[in-house]
Structure formats: structure tokens, C-alpha cells
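Peer 1: Predicted model follows, preceded by the sequence.
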Amino acid sequence: MFRITRQTPLPLHSVAATRRMEHAAMQVLAAHTLMQRAGLAAARLALALAPHARVIWLACGPGNNGGDGLEAAMHLHAWGMRPVVSWLGEEERLPPDARCSLQRARAAGVLFTDEPPAGLSAQDLCVDALLGIGATRPPEGRMAGWLAHMHASAARVLALDVPTGLNADTGHMAQPLPAPRAERHTLTLLTAKPGLFTAHGRDACGTVWFDDLGAPAALPAGEPPAAWLGAQPAAPVPPAACRPHASHKGCFGDVAVIGGECSAARGTAMTGAAWLAASAALHAGAGRVYVCPLADAGEPAPAAWAALPEPELMLRRFSALELRAITAVCGCGGGQAVQAVLPAVLRACPRLVLDADAINALAASTALQAAVRQRSAEGHATVLTPHPLEAARLLGSSASAVQQDRLAAARTLAARLDAVVVLKGSGTVIAAPGQPPCINPTGNARLATPGTGDVLAGLIGARLAAGAHPWPAACQAAWQHGALADDWPALQSLTAGELARRLRP
Ligand SMILES: NC(=O)C1=CN([C@@H]2O[C@H](COP(=O)(O)OP(=O)(O)OC[C@H]3O[C@@H](n4cnc5c(N)ncnc54)[C@H](O)[C@@H]3O)[C@@H](O)[C@H]2O)[C@@H](O)CC1
Ligand SMILES: Nc1ncnc2c1ncn2[C@@H]1O[C@H](COP(=O)(O)OP(=O)(O)O)[C@@H](O)[C@H]1O
Ligand SMILES: [K+]
């Protein structure tokens with residue numbers, strides 16, 4: 001068993017693949033072995049998390065997930081703890097493994113109660129063994145009541161395999177859990193599942209632990225992963241220290257941020273978005289960084305040219321950019337003006353990040369989408385960085401439909417546009433055609449502040465400009481962006497501008 005961290009890439013398996021692996025392992029292992037191993041791992045973790053618990057309440061459901069809980073209760077009872085089991089199910093409909101565990105738990109003298117214990121305190125522990133990968137509908141009735149009791153209590157919660165109610169494949173939860181009152185932990189068994197790390201998964205799971213139950217040794221051939229947590233392979237981007245001594249700023253690639261629309265007609269200016277992306281590219285090590293503000297009619301208003309938040313950045317008119325020589329980050333604050341420049345950018349730029357309004361423009365034009373696909377045929381690199389609503393516009397669906405299956409949405413867009421797609425949000429999904437997507441393990445809700453997406457786009461641009469392929473560029477940029485937020489001092493506010501300034505090559 002180990003705690004899953006942001007450091008180690010980990011294969012993630014779907015429920016269907018997990019079932020196949022479970023089935024194969026059960027053919028070669030003695031009856032009941034997997035559930036006994038699962039119960040022992042759960043009991044060990046419960047004891048480590050709550051060594052001074054007065055009460056360990058195990059809420060056990062009608063299938064084998066409940067069986068895991070019953071096995072754990074037996075060990076805790078034998079070790080002198082005070083497990084209390086609430087079990088719901090019909091004995092005659094129990095799967096054989098779980099029935100065996102129920103009979104053994106009763107015989108061992110484990111305490112059973114239909115009423116969840118009252119007065120659970122911070123030193124106590126609740127174990128959610130209600131539903132695992134066999135959940136077919138959202139919890140209701142008594143099960144929902146027990147879950148509400150668990151999550152309203154002051155005790156820590158340890159979910160076995162999957163937090164009840166969470167879709168293990170997608171991370172969608174029809175009834176998301178309330179904000180945690182105490183630490184949450186999840187012990188995922190046999191395989192790590194993608195839904196634990198994206199959409200509602202991160203909030204529902206808390207800290208995730210993994211025990212493979214010793215099954216891989218018993219399996220003939222590995223099931224292909226549905227996704228990876230963290231990129232695989234983890235190709236390193238050369239750090240600044242590896243720069244040759246005899247190098248100059250022209251060696252590290254030029255980035256042009258095309259966006260920041262100033263609209264005289266609407267009286268709006270979105271130059272900040274372009275500045276943020278440019279600042280990110282600069283601090284991430286790009287050689288020369290240009291900002292190309294756009295206007296709804298004619299040249300940008302003087303206001304766009306006036307403020308230079310960082311004197312290292314350079315301003316360029318769109319017509320003065322050498323599109324064939326640069327890495328473009330296009331769309332940050334681009335407004336409607338970006339539509340006019342997008343065809344030329346798609347045709348000429350060898351390395352391109354499409355963000356925000358550039359994505360909205362694509363969504364409205366099948367011709368522009370065809371131009372994105374054509375880029376791949378010509379060997380040009382393209383990365384799109386939609387948030388869920390932008391992804392929905394491209395897919396012709398809704399943001400809530402995208403959030404119900406983020407992996408599928410990112411995979412579909414990558415295949416349709418033949419490009420790398422970074423679907424942002426909790427558990428950012430990075431997808432490329434013909435390979436399993438990656439779920440980024442870093443980042444937190446402090447990033448939910450204006451402009452952090454522009455910073456990510458600029459960072460990816462700097463990585464592409466330095467010569468990285470789009471897939472590692474996108475995976476590593478998402479990782480670094482999120483890791484900075486994870487390591488951010490608790491008492492300092494996180495702003496996009498400061499985030500950009502803390503990026504490193
Ligand atoms: N068979 C084994 O030896 C092993 C089983 N394992 C455990 O077994 C779990 C899978 O077991 P199951 O396939 O029995 O599935 P679950 O235990 O997740 O639940 C399936 C049962 O719950 C019912 N159900 C589904 N949704 C419900 C709802 N909303 N309200 C009430 N009842 C609902 C189903 O009708 C079925 O009876 C894994 O998640 C894991 O915890 C693992 O420990 C590996 C070993
Ligand atoms: N709850 C969260 N957990 C992790 N990352 C988040 C969360 N909320 C936002 N982010 C990240 O913050 C960035 C926000 O980007 P975006 O939605 O485009 O905002 P903006 O347009 O203001 O820059 C993305 O990289 C996204 O993944
Ligand atoms: K569970």
C-alpha cells in the first residue's frame with residue numbers, strides 16, 4: 001500500500017478493466033483471497049489514520065464493497081479497537097465472498113448496529129464501505145442517510161475503493177459531497193481508477209492510497225490503462241542549467257501572444273489577458289516574447305500600446321509578426337478580433353497554442369476546424385486549452401455534459417481536431433490522438449481566479465518554443481502550473497500575475 005503523490009506517474013484503469021483483472025486474479029488465487037487482502041489493507045490504514053479512535057464506524061453496503069468493510073472490522077476487532085458495523089443488504093442476495101465475510105464477522109463477535117453512532121469526534125473514524133465499482137445509481141434512502149451522517153460528523157472518513165456515489169470512471173457525482181469537516185481518505189483497491197482524480201473525484205476522495213492486493217503477480221498480461229495520472233512517459237524538459245554556455249536569446253524560441261482585444265465600439269480592453277500569457281512565457285524561459293494586441297477595427301487603440309507591465313516584453317503589430325518563425329499563443333482576451341487573424345495564424349505558425357476566444361472562434365467555424373486538422377498533416381504542433389464551457393462549444397454540448405465525462409470530452413476533441421487538448425479544471429485532462437489521456441495530479445481551487453488560464457497558455461507556448469513536443473509540453477506545463485499553486489504560501493493571495501512571475505524555465 002502507498003499514498004499516491006504528484007510525483008509518480010500511475011496507470012489508471014476503468015471499471016470494466018478492473019473487473020477483468022479481478023476475474024483473472026480470482027482464477028489463480030484461493031477463494032476469498034482478494035477480499036481478505038482488501039480487508040486487511042483497509043484495517044491497517046484505518047488504524048494508522050485513527051490510532052486513538054474511540055469508535056470506528058464501518059458503514060457496509062449490499063455487495064463486495066461491504067464485504068471489504070466487514071473483513072476490516074474483523075481485524076480491528078481482533079486488534080482491540082472498537083469497530084461498530086452498520087450493514088445494509090439482503091443476506092440471500094449477497095455475493096459469496098461478502099456472505100462469507102458477514103458470517104465470519106458475526107462469529108467473531110463484531111458489534112452490529114442499525115443506528116449510526118452518535119457523537120463521533122475528531123479522533124474517531126468512519127469507513128465508507130457502502131458501494132464501490134458496482135454502484136448503478138445514486139445512493140438513496142437509508143444509505144444516503146448514513147452517508148449524510150458520516151460527512152456531517154467531526155470524524156475522518158476512509159472510503160474503501162471508491163467514495164460512495166462517485167463514478168469511478170468519470171469522477172462525476174450526481175449529489176456532490178458537502179465541504180469536508182475532517183480529513184478524507186480513500187483506499188483504492190486492485191487498480192487506481194480515473195474518476196478519483198478529476199471532476200468531483202479530488203474533493204470526494206481527499207488523500208488517495210493504493211493497494212494492488214498483490215494481484216498483478218497473478219495476472220498473465222496487463223490491461224491497457226484508460227488514462228495516466230501524470231504523464232507517461234515523463235519526458236523531462238531540459239532545465240535552464242543545461243543551456244549551452246555559448247547561447248543567446250535567439251536560441252530559446254520566440255513567442256508571440258496574439259490577443260488582448262481593445263474594442264472602441266464596445267469600450268472594452270482585454271489587454272491584461274495577453275500580458276499575463278506573455279509574462280508567463282517570459283518567466284518560463286522563452287527567448288523573445290512579443291505581444292500583439294488586436295482591435296475590432298483598424299489598429300489597436302493607443303491604450304493597448306501604452307502600458308508595459310514588464311519592460312522585457314515587446315509589442316508588435318500583427319502584420320509585423322513573422323508567423324512562420326514564431327510560436328504563437330493565440331486567443332487570450334482575443335475577443336471577436338481574433339477571428340480575422342486566425343486563418344493566417346493556423347496556416348503559418350509552426351507551433352501554436354489556441355486559448356479562450358480563439359477556441360470560441362473555432363467552435364463557430366467548421367472551416368477553421370479543418371484548418372486545425374490540416375496543421376497536423378503538415379507537421380505543425382497545436383495545443384488547445386479549453387475550459388469546460390469552451391470545450392462544450394467545440395463539441396456542441398453543454399459544460400455540465402463535458403463535466404460528466406471529462407476524459408471522453410478531451411479524447412473526442414483531440415481525435416476530432418488531431419491536436420493536443422488540455423481540458424482545464426479540477427483534474428486537468430490532457431489528451432492526444434491515439435493514446436490514453438493524462439490527468440494532471442497537481443493544482444487546487446486557488447487557481448480559480450482570473451487569468452490563471454492565460455498563464456498556462458503562455459507557459460505551454462514557452463515549452464513549445466524551446467523545442468518540446470506538444471504532449472510533454474502540455475503535460476509538464478499543467479503539472480508545473482498546478483504544483484506552484486499547491487506550494488503557494490497559505491497566507492499569500494494567489495494572483496495570475498504573481499503566478500506568471502514565479503514560473504521557471
Ligand atoms: N470480489 C472480491 O473478492 C473483491 C471485491 N472488491 C470490492 O468489491 C467491490 C465491488 O463489489 P460489487 O461488484 O459487489 O459492487 P458493490 O459492492 O459496489 O455494490 C454492488 C451492489 O450494490 C447494489 N447497488 C448499486 N447501486 C446501489 C445504490 N445506489 N443503492 C443501493 N444498492 C446499490 C447492487 O445492486 C449490488 O447489489 C469493489 O469496489 C471492491 O470494494 C475488491 O476488494 C477486490 C476483491
Ligand atoms: N478547482 C481547481 N482545481 C485545479 N485547477 C483549477 C481549479 N480551478 C481552476 N483551475 C485552473 O485554473 C486555470 C483557469 O483557467 P481559465 O478557466 O481559462 O481561467 P481564465 O480565463 O480566467 O484564465 C486552469 O488552468 C484550471 O485548470
Ligand atoms: K465505498
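Peer 2: Looks like it arrived, so ask away. Computed from a predicted model, the values in this text were never measured in an experiment. Numbering: from 1, shown residues only. Ligands and ions are numbered 1, 2, ... in the order given.

Peer 1: Check the gap between Gly497 and ligand 3 for me.
Peer 2: According to C-beta to the ion, to the nearest Å, Gly497 and ligand 3 sit 42 Å apart. The C-beta positions use only the backbone N, C-alpha and C, and glycine is treated the same way.

Peer 1: er, Leu160 I mean
Peer 2: 5 Å.

Peer 1: Would you enumerate the residues in contact with that residue?
Peer 2: Residues near Leu160 by C-beta atoms under 8 Å, 6 or more residues apart in numbering: 38, 42, 65, 68-69, 72, 127-129, 132, 186-187, 189.

Peer 1: Show the buried residues in the residues you listed.
Peer 2: 38, 42, 65, 68-69, 72, 127-129, 132, 186-187, 189 (16 or more other C-beta atoms under 10 Å).

Peer 1: buried ones in the longest strand that the chain contains?
Peer 2: Secondary structure of the chain per DSSP state E: the longest strand is strand 254-263. Judged by neighbour count using 16+ other C-beta under 10 Å, the buried positions of strand 254-263 are 254-263.

Peer 1: and the closest residue to Glu183 other than its chain neighbours, bridged to which residues?
Peer 2: Of all residues not flanking Glu183 in the chain, Arg156 sits nearest, at 4.7 Å (C-beta to C-beta, 6 or more residues apart in numbering). Beta-bridge partners recorded for Arg156 (DSSP bridges): Leu125.

Peer 1: what lines up beside the longest strand of the chain in the sheet?
Peer 2: strand 268-269 (antiparallel), strand 288-295 (parallel), strand 327-330 (parallel).

Peer 1: Measure how the next helix or strand along the chain from the shortest one sits relative to strand 254-263, angle-wise.
Peer 2: Looking back up the chat, that one is strand 268-269. Using DSSP states H and E, the helix or strand that follows strand 268-269 in sequence is helix 271-283. Counting by axes from the mean of the first three to the mean of the last three C-alpha atoms, to 10 degrees, helix 271-283 lies at 170 degrees to strand 254-263.

Peer 1: Look up how far Ala24 lies from the residue in the stretch 251-400 of the chain that ligand 3 sits nearest to.
Peer 2: Proximity of the stretch 251-400 of the chain to ligand 3 (C-beta to the ion) peaks at Ser400, 24.6 Å away. Distance, Ser400 to Ala24, by C-beta to C-beta, to the nearest Å: 37 Å.

Peer 1: of these two, who's got more company?
Peer 2: Ala24 (16 against 11; other C-beta atoms under 10 Å).

Peer 1: quick one: the more buried one is in a strand?
Peer 2: No: according to DSSP: H, G, I helix; E, B strand; the rest coil, Ala24 belongs to no strand; its state is helix.

Peer 1: Contact partners for the closest residue to Glu90 other than its chain neighbours?
Peer 2: Nearest residue to Glu90, sequence neighbours excluded (C-beta to C-beta, 6+ apart): Pro62, at 6.8 Å. For Pro62, the contact set (C-beta under 8 Å, 6+ apart) comprises 88-90, 93-94.

Peer 1: Now the phi/psi pair for the residue in the stretch 351-500 of the chain that ligand 2 sits nearest to, please.
Peer 2: Nearest residue of the stretch 351-500 of the chain to ligand 2, counting by C-beta to the nearest ligand atom: Gly453, 2.1 Å away. Backbone torsions of Gly453, given as degrees, to the nearest 10, read phi -70, psi -40.

Peer 1: Could you verify my assumption that it touches Lys424?
Peer 2: Yes: checked against C-beta atoms under 8 Å, the pair Gly453 and Lys424 is within contact range at 6.1 Å.

Peer 1: which residues are common contacts for those two?
Peer 2: The contact sets of Gly453 and Lys424 overlap at 385, 387 (C-beta under 8 Å, 6+ apart).

Peer 1: Check whether the residue nearest the centre of the chain sits in a helix, strand or coil.
Peer 2: Central residue of the chain (C-alpha atoms, centre = their mean): Gly427, 1.3 Å from the mean position. Gly427 carries the three-state label coil when classified by three-state DSSP.

Peer 1: repeat for Thr18
Peer 2: Thr18 carries the three-state label helix when classified by three-state DSSP.

Peer 1: Look up the closest residue to it, ignoring the ones flanking it.
Peer 2: Nearest non-adjacent residue to Thr18 (C-beta to C-beta, 6+ apart): Thr191, at 4.6 Å.

Peer 1: Buried by neighbour count: which residues of the helix or strand harbouring Gly69 qualify?
Peer 2: Assessed by DSSP H and E, Gly69 sits inside helix 64-78. By 16+ other C-beta under 10 Å, the buried positions in helix 64-78 come out as 64-77.

Peer 1: The residues you listed into TSV, with extra columns for pLDDT?
Peer 2: TSV is the format used below for these (pLDDT from 0 to 100):
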residue	pLDDT
Asn64	97
Asn65	98
Gly66	98
Gly67	98
Asp68	98
Gly69	98
Leu70	98
Glu71	98
Ala72	98
Ala73	98
Met74	98
His75	98
Leu76	98
His77	98
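
Peer 1: Which ones among these also lie next to ligand 3?
Peer 2: For ligand 3, no contacts are drawn from these by C-beta under 5 Å from the ion.

Peer 1: Among the residues you listed, which one lies nearest to Leu276?
Peer 2: For the buried residues of helix 64-78, the closest approach to Leu276 (C-beta to C-beta) belongs to Asn65, at 45.3 Å.

Peer 1: Any figure for the gap between the residue nearest to Thr18 and Ala24?
Peer 2: 12 Å.

Peer 1: wouldn't the residue nearest to Glu183 be in contact with Ala182 here?
Peer 2: Yes: at 4.7 Å, Arg156 counts as touching Ala182 under the criterion of C-beta under 8 Å.

Peer 1: Mind listing the shared neighbours of the two?
Peer 2: In contact with both Arg156 and Ala182: Ala122, using C-beta under 8 Å, 6+ apart.

Peer 1: So these two - more neighbours on which side?
Peer 2: The residue with more neighbours, out of Arg156 and Ala182, is Arg156; 23 against 17, by other C-beta under 10 Å.

Peer 1: so which strand or helix has Met143?
Peer 2: helix 141-152.

Peer 1: residues in contact with Thr442?
Peer 2: So Thr442 contacts 6, 478-483, 485-486 (C-beta under 8 Å, 6+ apart).

Peer 1: Restricted to helices, list those.
Peer 2: Of these, the ones assigned to helices by DSSP state H are 478-483, 485-486.

Peer 1: Those residues, buried ones only, as a ChimeraX selection?
Peer 2: Only the buried entries of the ones in helices among the contacts of Thr442 go into this ChimeraX selection, using 16+ other C-beta under 10 Å:
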select :478,479,480,481,482,483,485
